[in-house]
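Chemist: I need the structure of the sequence given here:
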Amino acid sequence: MAEFFAMGGYAFFVWMSLGITAVVLVANLAWASMSHRKHLQRISRRVRRENLKT
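Modeler: This is a model prediction of the structure:
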């Protein structure tokens, strides 16, 4: 088991690449969520503004 985690001497590079990948995926999800929320707010404001005109 310890040899698996050591990755044949390349553990630092393997675990760093996995860590960086995880960080990028989480950041991408967070960015998409914030962008989605921002677009929904923009649509909501536009609908409210158009309802006030009528």
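Chemist: Which helix or strand in this protein has the lowest average pLDDT?
Modeler: The helix or strand of the chain with the poorest confidence is helix 2-6; it has a mean of 83 (mean pLDDT, DSSP states H and E).
Chemist: any idea how far residue 36 is from residue 30?
Modeler: Using Cβ to Cβ, to the nearest Å, residue 30 is found at 11 Å from residue 36. Where C-beta positions appear, they are placed from N, C-alpha and C, glycine not excepted.
Chemist: just to revisit the earlier point, and the least confident helix or strand of the chain, what's buried?
Modeler: The neighbour-count check on helix 2-6 (16 or more other Cβ atoms under 10 Å) flags nothing as buried.
Chemist: Would you map the helices across this structure?
Modeler: Secondary structure of the chain (DSSP state H): helices at 2-6, 11-53.
Chemist: Compare the mean pLDDT across the ones you listed and name the weakest.
Modeler: Of all these, the minimum mean pLDDT falls on helix 2-6 (a mean of 83).
Chemist: could you dump it to PDB, C-alpha only?
Modeler: Extracted C-alpha coordinates of helix 2-6, given in PDB (Å, rounded to 0.1, in the frame of the first residue of the first chain):
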ATOM      1  CA  ALA A   2       2.800   2.400   0.800                       C
ATOM      2  CA  GLU A   3       4.400   1.800  -2.500                       C
ATOM      3  CA  PHE A   4       1.100   2.700  -4.200                       C
ATOM      4  CA  PHE A   5       1.100   6.100  -2.500                       C
ATOM      5  CA  ALA A   6       4.800   6.500  -3.300                       C
END
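Chemist: before we move on, back to that, for the least confident helix or strand of the chain, enumerate the helices and strands it packs against.
Modeler: In terms of contacts (3 or more Cβ pairs under 8 Å, 6 or more residues apart in numbering; DSSP states H and E), helix 2-6 is not packed against any helix or strand.
Chemist: Show residues contacting it.
Modeler: residue 11 (Cβ atoms under 8 Å, 6 or more residues apart in numbering).
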